[in-house]
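Undergrad: Sharing a model that was predicted from the sequence below.
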Amino acid sequence: MESNVEIGSSVSRSNDTVIGKDRRVGLIFNERMCKHYAPDDEDHPECPDRIRVIWDRLNSSGLAKRCIILDAKDAEDNHLALVHTKNHIDLIKNISSRNSESRRKRIAAKFNSIYFNEGSTESASLAAGSVIEAAEKVAKGELDSAFAIVRPPGHHAEEGEPMGFCLYNNVGIATSFLLNERSELGINKILIVDWDVHHGNGTQKMFYKDPRVLFFSVHRYDYGTFYPSGHDGSYIMTGEEPGAGYNINVPWEHGRCGDADYLAVWDHILIPVAKEFNPDMIIISAGFDAAIGDPLGGCRISPYGYSIMLNKLMEFAGGKIVLALEGGYNLNSIASSARACVEVLLHDNPPNVMLEAYPFASTWRVIQEVRRELSSYWPVLAVELPEKMICKTAQIEILSSDSEAETENITLTVPEVLSIEDVIPSFSNLKVNSDNQDQETTAMKPSWRSDLSKVNIWYATFGSNMNMSRFCCYIEGGQIEGMKRPCVGSMDKSKPKDVIWKTFPHRLFFARDRTATWGPGGVAFLHPSSNVQEKTYMCLYKITLEQFNDVLLQENISNHDMSHPLFDLAALQTIQTEKSISVEFVQRGWYHNVVYLGTEEYIPILTMTCSLSEVDNFKSGKFPINPPCREYANTLIKGLVGGKQLSEEEASGYIQEASTKPL
């Protein structure tokens, strides 16, 4: 927001914030950066809402109140000139004021994936100046870290040319400013980490010969066909002259890379080299277009994955880290990912969970190539990786011809891999086009399934699913004694990886008057709110998030187009704060409310039940409360007895009490 209560020169914090143990984290956002937008193109991916949704998410979550709000600043010409030519600066400075719209369009057409409008000059100046402001505050020690929520992005902008939605190179300018204009601040070595899905060609060229800057970029490369195309993003581009060895590119051979792939690169390239380099400060070109669901990226980093990557960098430079927004074009993805990063900066719930997933074989191949190329500069990379490690790889799963087709009907769907024809011509024209898919892509399993199959959750059951045989109907298909109809089962029919029992302080009750599965009688519900006076036995199955989606579907409705997930990684991130989520696409079902019950072994525990409003309807009599039928009750008893929680007599008494005790 533009109105700030100033403390010192340009720093403010909400009056009701308790600083406590929080780190001093700065945020910059200004609505004036939304004045830059594509003329006559409401659907352009680089739109003003990109920064609005991040700002709104940080405010609605309460995180913004705990941060220090910085005033956005215009960049000074002499600071822009540290990395850009005079002609370039003059072009951007004058593009809004001295040209008609038609002339701006003609000028923009001369560049690669660029648009201009009457607000471009002001927005570009604020973006560059704001990253300088954030970096300077951190360098001075006034802040521990900062996030500059800015646009237009910058890492593609070269010395004399805007390109790829980027007008000024925001990170390049701030880096050069600290090293060359504010050397008295003691920032002599800067690590730039560019995790945008596209190669940071502009930033690379600006520091290609400078040993004070270790530039690290991990990006889709696709053998030089992915934007910005060419060989600049190759791993053989390692720097020149004094800067030899200080340029590191990790080029993915294809899309679909996710948390496991990126973390392998962190652990086996970036972190070892960063320890040797020992930076005084880290600036992150924080593009979130490698996130799940991004329409241009085609990769699969979760918000949790971003939080792990950032957390691993917090051990360097005393945590002096500045994030500057680059790409990211799925509004839900960038908001969730940005929130996860700010939580790390604030030291909220530092991530420590190891995902049970493996990188692609191509990821290990790329890692080994990069290590060999750079080993003469960084001896720590000369050690061969253990064969036992690199043989553990993820597979790209192929289905038969009657498999489900992937669509783009919902945000956070992972797009299909783009064809080469989509990639080469223009960044701004990158679209998911099912008509141009190659044969491998069209044969693939819906990509959300492959992604969610890498993430484990505990599914906590309190009803008939406490009986393992009954629960396996949802996984393997079929039915057990007492059921009136079979289940279709999950696409992944693997049995749970583990089973444990726990009790939770929630109320178990039975309601409704009949079900298609069990006939007349009530079925189990869990009160969504906790109550220390209550105790419910629950059987926890360790399954994948993909399987949880299939169970969620079967528990609620008989059919649905599962070309997209019902409960995705963004929802998994959100529910840990919100505690429950009513799943939109199954809201007519009885168990549409997913409830977060905490963690076990650092893995989220989820259950599904009714909503609080439906509990009120049970209390009022609008929905009937009924004891379970004999077959259903017997299934619960078998589960409790088989799980060695209660004797048969105790289990019968437990169900009887839950059936008769008033809500």
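TA: Yep, that arrived.

Undergrad: I'd guessed Tyr37 sits against Glu118; true?
TA: No. When contacts are counted by Cβ atoms under 8 Å, Tyr37 is not listed as touching Glu118 (9.7 Å). Any C-beta I mention is one placed from the backbone N, CA and C, and that applies to glycine too.

Undergrad: Looking at the two, which is more packed in?
TA: Tyr37 (20 against 17; other Cβ atoms under 10 Å).

Undergrad: measure the more buried one to Leu296 for me?
TA: Tyr37 sits 17 Å away from Leu296, going by Cβ to Cβ, to the nearest Å.

Undergrad: Is it correct that Ala524 is in contact with Thr635?
TA: No. Contact between Ala524 and Thr635 fails when scored by Cβ under 8 Å: they sit 10.1 Å apart.

Undergrad: Common neighbours of the two, please.
TA: Here Ala524 and Thr635 have Ser464 as joint contacts, going by Cβ atoms under 8 Å, 6 or more residues apart in numbering.

Undergrad: low-confidence ranges in the stretch 351-500 of the chain?
TA: Along the stretch 351-500 of the chain, the parts satisfying pLDDT under 70 run over 351-356, 395-446.

Undergrad: Give me the pLDDT value at Arg98.
TA: Reading off the confidence values, Arg98 has pLDDT 73.

Undergrad: okay, now it: neighbour count?
TA: With neighbours defined by other Cβ under 10 Å, the count for Arg98 comes to 10.

Undergrad: Can you classify it by secondary structure?
TA: coil (DSSP: H, G, I helix; E, B strand; the rest coil).

Undergrad: Quick check: it vs Arg104, distance?
TA: Per Cβ to Cβ, Arg98 is found 10 Å from Arg104.

Undergrad: ok but Pro604 is inside a strand, no?
TA: Yes. Under three-state DSSP, Pro604 sits within a strand.

Undergrad: Report the contact partners of it.
TA: Going by Cβ under 8 Å, 6+ apart, Pro604 touches 457-458, 572, 575-576, 596, 598.

Undergrad: between these, which is nearest His231?
TA: Distance to His231, by Cβ to Cβ, is smallest for Leu572 among these, at 38.3 Å.

Undergrad: so after the helix or strand hosting the closest one, what's the next helix or strand?
TA: Using DSSP states H and E, the element containing Leu572 is helix 569-578. Note on helix 569-578: by DSSP H and E, the next helix or strand toward the C-terminus is strand 580-582.

Undergrad: Show me what counts as buried in that following strand.
TA: Under the neighbour-count criterion of 16 or more other Cβ atoms under 10 Å, strand 580-582 has 580-581 buried.

Undergrad: Return the list of helices and strands in contact with that strand.
TA: Counting contacts by 3 or more Cβ pairs under 8 Å, 6 or more residues apart in numbering; DSSP states H and E, strand 580-582 packs against helix 569-578, strand 593-600.

Undergrad: Try it again at 6 Å.
TA: Identification of packing neighbours for strand 580-582 by 3 or more Cβ pairs under 6 Å, 6 or more residues apart in numbering; DSSP states H and E yields strand 593-600.

Undergrad: Doesn't Ser217 lie inside a helix?
TA: No. Assigned with three-state DSSP, Ser217 falls outside any helix and is strand.

Undergrad: Hmm, Ala139 is touching Ile187, no?
TA: Yes. Between Ala139 and Ile187 there is a contact under Cβ atoms under 6 Å: 4.9 Å.

Undergrad: Touching both of these two, which residues are there?
TA: Counting by Cβ atoms under 6 Å, 6 or more residues apart in numbering, the contacts common to Ala139 and Ile187 are Leu178.

Undergrad: and the end-to-end length of stretch 314-323?
TA: Using Cα to Cα, to the nearest Å, one end of stretch 314-323 lies 12 Å from the other.

Undergrad: which residues are in contact with it?
TA: With Cβ under 6 Å, 6+ apart, stretch 314-323 has contacts from 134-135, 138, 144-147, 274, 279-284, 286.

Undergrad: in that stretch, what's buried?
TA: Buried residues in stretch 314-323 (16+ other Cβ under 10 Å): 314, 316-317, 319-323.

Undergrad: mind checking pLDDT for Ala516?
TA: You'll see Ala516 listed with a pLDDT of 79.

Undergrad: Arg372 is in what secondary structure piece?
TA: Assigned by DSSP H and E, Arg372 falls within helix 361-374.

Undergrad: Tell me which helix or strand comes right after that helix.
TA: From helix 361-374 onward toward the C-terminus, using DSSP H and E, the following helix or strand is helix 387-390.

Undergrad: Outside of that next one itself, list whatever touches it.
TA: Trp364.

Undergrad: Pull out the buried residues from that helix.
TA: Applying a neighbour-count criterion of 16+ other Cβ under 10 Å, one finds Ile390 buried in helix 387-390.

Undergrad: Could you check how far it is from the centre of its chain?
TA: Averaging C-alpha positions (Cα atoms, centre = their mean, to the nearest Å) puts helix 387-390 27 Å from its chain's average.

Undergrad: same thing with stretch 23-31?
TA: Between the centre of stretch 23-31 and the centre of its chain there are 20 Å (Cα atoms, centre = their mean).

Undergrad: ok so, going back, with the buried residues of stretch 314-323 in mind, which one is nearest to Gly463?
TA: Of those, the one sitting nearest to Gly463 (Cβ to Cβ) turns out to be Met314, at 42.6 Å.

Undergrad: Would you check how far apart that closest one and Lys320 are?
TA: Distance, Met314 to Lys320, using Cβ to Cβ: 10 Å.

Undergrad: and what of Asp43?
TA: Separation of Asp43 from Lys320 (Cβ to Cβ) stands at 39 Å.

Undergrad: is it true that Asp451 touches Arg300?
TA: Yes. Asp451 lies in contact with Arg300 (Cβ under 6 Å); the separation is 4.6 Å.

Undergrad: The helix or strand where Gln204 lies packs against which elements?
TA: Assigned by DSSP H and E, Gln204 belongs to helix 201-206. Under the contact definition 3+ Cβ pairs under 6 Å, 6+ apart, helix 201-206 sits against helix 170-180.

Undergrad: then the helix it packs on to PDB, C-alphas only?
TA: Extracted as PDB, the C-alpha positions of helix 170-180 are listed here (Å, rounded to 0.1, in the frame of the first residue of the first chain):
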ATOM      1  CA  ASN A 170      16.200  -5.100 -11.100                       C
ATOM      2  CA  VAL A 171      18.500  -7.600  -9.500                       C
ATOM      3  CA  GLY A 172      21.400  -6.700 -11.600                       C
ATOM      4  CA  ILE A 173      21.000  -3.000 -10.700                       C
ATOM      5  CA  ALA A 174      20.800  -3.700  -7.000                       C
ATOM      6  CA  THR A 175      23.700  -6.000  -7.000                       C
ATOM      7  CA  SER A 176      26.000  -3.500  -8.900                       C
ATOM      8  CA  PHE A 177      24.800  -0.700  -6.600                       C
ATOM      9  CA  LEU A 178      25.900  -2.500  -3.400                       C
ATOM     10  CA  LEU A 179      29.200  -3.600  -4.900                       C
ATOM     11  CA  ASN A 180      30.200  -0.400  -6.700                       C
END
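
Undergrad: Between the contacts of stretch 314-323, which sits nearest Asp90?
TA: Scanning these for proximity to Asp90, where the rule is Cβ to Cβ, the winner is Ala135, at 24.7 Å.

Undergrad: Report pLDDT for the closest one.
TA: pLDDT, read off for Ala135, is 98.

Undergrad: Also Glu584?
TA: So, for Glu584, pLDDT stands at 84.

Undergrad: how many neighbours does it have?
TA: There are 9 residues near Glu584, going by other Cβ under 10 Å.
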